[in-house]
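>>> Based on what follows, work out the 3D shape:
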Amino acid sequence: LELICFSSLNAHRRAYLRCRRLLVIGWAAAFALSLPQVAIFRVFKPYSEKDFRQCTPLWTTFLYEKIEQLKDVNLTEAERTEIQRSVSDMQQLEKMYNINHLLFVFWIPCIIIVISYLTVLLILQGHLKEEYHSLPLMSAVEQLEEEPSKCKSKRNCPLADSQTVKSALSPRSTNPGAIVVSTIHKAKQHAKRQATWIILAYLTFWSPYNVLAVLNMTRTLSDHQVFAVTLSFLNAAICANPIANPLIYGVLKDGSKP
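Residues are numbered from 1 along each chain as shown. You can find the predicted model right below:
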């Protein structure tokens with residue numbers, strides 16, 4: 001028993017250090033990946049006669065300036081063609097940015113979340129099999145005690161109420177191996193519920209924004225105004241996801257207690 005406790009303490013310490021390393025790596029990667037935004041977004045003043053400023057991506061500013069240039073009636077055909085070519089190139093750059101944006105804010109994180117929880121479940125399943133096979137073979141009487149749900153009624157399991165049988169049974173709850181198996185099984189069930197709710201919450205809050213963003217990017221959405229009007233609401237839904245996650249963890253943690 002002391003060996004099990006010592007091993008458990010070491011496992012907790014390793015898990016704590018691993019979580020700290022992953023947090024540092026995650027924050028460092030997020031900071032590095034967000035650095036290009038400094039060059040992409042800038043404060044733009046579209047109207048010289050009005051004190052109005054707005055934070056916009058560089059291609060929006062670029063396209064606005066080029067459209068203003070195209071309004072000049074003194075432009076030659078060659079200059080007009082050059083402006084249109086530069087506008088087309090900038091639109092391609094915008095599309096590449098949007099694709100990468102959707103990949104890094106939705107698809108890649110979603111894949112990482114799914115793979116992470118599947119890995120946890122596979123690891124728990126592996127430990128569960130190892131611990132289960134290390135247990136001594138159960139007698140028929142012990143199986144009767146461990147699986148009372150298989151009996152539909154007391155008449156079908158007359159031995160279950162027999163005082164003789166109960167006195168002959170050795171309590172498996174005091175067996176360290178059985179305790180480990182029970183603990184791993186509970187952890188596996190808890191991880192399944194947690195993974196299901198976390199993934200469902202992520203898809204619920206993020207999917208509407210990404211679906212409309214893809215439709216808008218591919219010009220499938222005929223009315224661009226639909227995306228513009230709903231953008232604030234969709235961004236608010238995205239911001240609600242980090243608020244929902246701790247609530248899910250808390251509810252599942254409380255619900256997992258006996």
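>>> so what's the backbone phi/psi at the nearest residue to Ser86 once chain neighbours are set aside?
Nearest residue to Ser86, sequence neighbours excluded (C-beta to C-beta, 6 or more residues apart in numbering): Lys66, at 6.5 Å. Placement of C-beta: from N, CA and C, glycine included. Dihedral pair for Lys66: phi -70, psi -40, per degrees, to the nearest 10.
>>> Mind pulling up the pLDDT for Lys66?
On the pLDDT scale, Lys66 is placed at 88.
>>> got it, and the one 10 residues further on?
The pLDDT attached to Thr76 in the predicted structure is 86.
>>> wait, what's in contact with it?
Contact analysis of Thr76 by C-beta atoms under 8 Å, 6 or more residues apart in numbering lists nothing.
>>> Next up, phi/psi of it, please.
Dihedral pair for Thr76: phi -80, psi 170, per degrees, to the nearest 10.
>>> now the helices: where do they sit in this structure?
2-34, 36-40, 58-70, 77-102, 108-134, 140-146, 163-168, 176-217, 224-255 (DSSP state H).
>>> Can you name the residues that contact Thr56?
Thr56 makes contact with 41-42, 44, according to C-beta under 8 Å, 6+ apart.
>>> Turn the helices of the chain into CSV, columns for mean neighbour count and distance to Phe52.
Compiled in CSV, those are given as follows (neighbours: other C-beta atoms under 10 Å; distance: least, C-beta to C-beta, whole Å):
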stretch, mean neighbour count, distance to Phe52
helix 2-34, 10, 27
helix 36-40, 10, 21
helix 58-70, 15, 13
helix 77-102, 13, 23
helix 108-134, 13, 35
helix 140-146, 14, 73
helix 163-168, 10, 83
helix 176-217, 16, 25
helix 224-255, 12, 18
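>>> Figure out which of those helices is closest to Ser48.
Each of the helices of the chain has some distance to Ser48 by C-beta to C-beta; the shortest is helix 58-70, at 11.3 Å.
>>> returning to what we had before: so which of the contacts of Thr56 would you say is closest to Thr119?
Comparing the contacts of Thr56 against Thr119 with C-beta to C-beta picks out Phe41 as the nearest, at 35.7 Å.
>>> what about the closest one, distance to Leu58?
Distance of Phe41 to Leu58, given as C-beta to C-beta, to the nearest Å: 8 Å.
>>> repeat for Lys129
According to C-beta to C-beta, Lys129 stands 55 Å off from Leu58.
>>> now Leu17
42 Å.
>>> In the stretch 1-150 of the chain, where is pLDDT below threshold?
By pLDDT under 70, the weakly predicted segments of the stretch 1-150 of the chain are 1-11, 127, 130-150.
>>> now swap in the stretch 151-258 of the chain and tell me
Within the stretch 151-258 of the chain, the ranges that satisfy pLDDT under 70 run 151-181, 184, 219-228, 252-258.
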